[in-house]
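> kindly return the folded structure for what I paste below:
(one chain, ligands or ions: 2)
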Amino acid sequence: MSQTPLIRIEQGSKAYGGITVLEGVDFELRAGEIHALVGENGAGKSTLCKAIAGAIGLSAGRYLIDGKPVRFQRPGDALKAGVSMVYQESSLVPTMTVAQNIELGHERFFTSFRTLNIKAQQLLQSLRFHVEPAALVSGLGTAQRQMVEIARAAHHRARAIIFDEPTAALAPEEKHNFFQLVRDLRARGLGIIFISHALEEALMLADRVTVLRDGRHVITAETKDLTRDALVRHMVGREVAQTHYATQRPPADGKPREKVLSVENLTMGNTVKNMSFTLYAGEVVGIAGLIGSGRTEAAKIVAGALKRNLIRGGSVLLPITLPRLILRSFA
Ligand SMILES: Nc1ncnc2c1ncn2[C@@H]1O[C@H](COP(=O)(O)OP(=O)(O)OP(=O)(O)O)[C@@H](O)[C@H]1O
Ligand SMILES: [Mg+2]
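Numbers count the residues shown, from 1 in each chain. Ligands and ions are numbered 1, 2, ... in the order given. Reported below is the predicted structural model:
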């Protein structure tokens, strides 16, 4: 069945001072789909979405909503057309209350604080968000700020919501709630663009995935036809070797060194496989690799930030000479 996409970018390009950061990109978002946008740092994901949200204009190409060409001058124009973006950097005003932030861009004269708060309360409740309308945004945590941004989008009757790296700063429990919310929004017929570096999340949540590389469109595919390895290959543009190399130089002065941390055969699913390294006092150990190679996950295991049940084996040893304070902060 052919369906006019909610949003369509045809041959979208963007240049900054003669440098092209987006080149001839085709992209479409359907109503009622979650569309993940992935790619390495600097691939152009945020730029494409900022153009969709009217925060920047495209240098070339066409932008259509419901099949009709549009040209937004500012984010307010996109918001009126039903396109809302939750930015990588929060766009809320910290010195204003939750209710005021939700109303932002929609203000009417003579609306009392009381009316504003009651309306915000109703909206927040309908979304099952536990946030106090009269609270100042400066006092809220990441997950709650995100809820306010989503409530604002809902208030503006968004038909499409773009989330730029929404889960990066969320705790596992908050992530779970966020995924549920995004699924609810999809069920209501909204189109969702989900930018993420977490490929497992993208594959788990999205209906389709688009990969950008160096400002170009690489592929758009149904999630069910993709694997994590295929995604990584599209992102980096070649086969990714599964080999890991470890090099550790002996100290220049030949003196024995104190072991600070020892990691042995760390394993977590397909992401981290038999990783071992030792950290000595006065030393910097670099962990390098392509995106998706498991750097972050390995660091999270070592720092105790990942749940134990995800880890399939290996050990992290901290010699007893280490101050207790450091041990606690990692626990
Ligand atoms: N305002 C700007 N002026 C000049 N160059 C810019 C500007 N905004 C983005 N760029 C450049 O455009 C390229 C794409 O950036 P963009 O932020 O879209 O990447 P991204 O895919 O969102 O990356 P990340 O995953 O790191 O968020 C980068 O090389 C970036 O340096
Ligand atoms: Mg970005």
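> okay, CA-based contacts and neighbour counts for the rest of this
Fine.
> what sits against Asp66?
Thr4, Pro5, Leu6, Ile7 (CA atoms under 8 Å, 6 or more residues apart in numbering).
> do Ala15 as well
Neighbouring residues of Ala15 by CA under 8 Å, 6+ apart: Val21, Leu22, Ser59.
> in a helix, that's where the first one is, yeah?
No. Membership of Val21 in a helix is not supported by DSSP: H, G, I helix; E, B strand; the rest coil, which gives strand.
> count of neighbours near it?
Per other CA atoms under 10 Å, the neighbour tally for Val21 reads 18.
> am I right that it is in contact with His217?
No. Distance between Val21 and His217: 11.7 Å, which falls outside the contact criterion (CA atoms under 8 Å).
> out of the contacts of Ala15, which touch ligand 1?
Among the contacts of Ala15, proximity to ligand 1 is found for Val21 (CA under 6 Å from any ligand atom).
> what is the nearest of the contacts of Ala15 to Val182?
Nearest to Val182 among the contacts of Ala15: Leu22, at 27.2 Å, using CA to CA.
> any idea how far that closest one is from His197?
19 Å (CA to CA, to the nearest Å).
> how about Ile56?
For Ile56, the distance to His197 - CA to CA - is 23 Å.
> more neighbours: which of Leu22 and His197?
Set Leu22 next to His197 and count neighbours by other CA under 10 Å: Leu22 wins out with 26 against 20.
> need the pLDDT of that one.
Note on Leu22: pLDDT of 98.
> where's Ser46, which helix or strand?
Using DSSP states H and E, the element containing Ser46 is helix 45-52.
> got the CA coordinates for that helix in CSV?
Provided in CSV are the C-alpha atoms of helix 45-52 (Å, rounded to 0.1, in the frame of the first residue of the first chain):
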residue,chain,number,x,y,z
LYS,A,45,22.0,13.2,12.0
SER,A,46,21.4,16.3,14.1
THR,A,47,21.8,18.6,11.1
LEU,A,48,19.2,16.7,9.1
CYS,A,49,16.8,16.8,12.0
LYS,A,50,17.4,20.5,12.8
ALA,A,51,16.4,21.2,9.2
ILE,A,52,13.2,19.0,9.6
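> following element in sequence after it, please.
Helix 45-52 is succeeded, C-terminally, by strand 60-65 (DSSP H and E).
> any idea which residue of the stretch 51-200 of the chain lies closest to ligand 1?
His197 (7.0 Å; CA to the nearest ligand atom).
> that residue and Gly39 touch, don't they?
Yes. If you go by CA under 8 Å, His197 and Gly39 touch, sitting 7.3 Å apart.
> show me what contacts Met85?
Here Met85 is in contact with Cys49, Lys50, Ala53, Ala153, Ile161, Ile162, Phe163, Asp164 (CA under 8 Å, 6+ apart).
> domain parsing of this structure, as residue ranges.
According to automatic domain parsing, the chain comprises the domains 7-236, 259-330.
> buried stuff in stretch 175-195?
175, 178, 181-183, 185-186, 190-195 (16 or more other CA atoms under 10 Å).
> OK, contacts around the residue of the stretch 51-200 of the chain closest to ligand 1?
If you count contacts by CA under 8 Å, 6+ apart, His197 has them with Val38, Gly39, Glu40, Glu165.
> in CSV, list the residues you listed along with pLDDT and distance to ligand 1.
Shown next, in CSV, are those (pLDDT from 0 to 100; distance: CA to the nearest ligand atom, whole Å):
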residue, pLDDT, distance to ligand 1
Val38, 97, 8
Gly39, 95, 6
Glu40, 92, 6
Glu165, 89, 8
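> from these, which land in strands?
Using DSSP state E, Val38 are the members of these that sit in strands.
> filter the contacts of His197 down to the buried ones.
Val38, Gly39, Glu40, Glu165.
> what's the closest non-adjacent residue to the third one?
Right, the one you point to is Glu40. Once flanking residues are discounted, Glu40 sits nearest to Met235: 6.3 Å by CA to CA, 6 or more residues apart in numbering.
> go through the contacts of Ala15 and name the one nearest Asn265.
Out of the contacts of Ala15, the member with the shortest distance to Asn265 (by CA to CA) is Val21, at 40.3 Å.
> please report how far the nearest residue to that closest one once chain neighbours are set aside lies from Leu226.
Leaving aside its chain neighbours, Val21 sits nearest to Gly215 (5.1 Å; criterion: CA to CA, 6+ apart). Distance, Gly215 to Leu226, using CA to CA: 21 Å.
> give me the more crowded residue out of the two.
Using other CA under 10 Å as the criterion, Gly215 and Leu226 rank with Gly215 on top: 23 against 14.
> am I right that Asp253 is in a helix?
No. The assignment for Asp253, made by three-state DSSP, is coil rather than a helix.
> what about it, how many neighbours?
6.
> same question, Ala153
Residues near Ala153, counting by other CA under 10 Å: 23.
> got the contacts of Ala15 as CSV, with distance to Phe277 columns?
As requested, the contacts of Ala15 are exported to CSV (distance: CA to CA, whole Å):
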residue, distance to Phe277
Val21, 38
Leu22, 39
Ser59, 48
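> Val263: which of the contacts of Ala15 is nearest?
Val21 (39.8 Å).
> fine, thanks again, bye for now.
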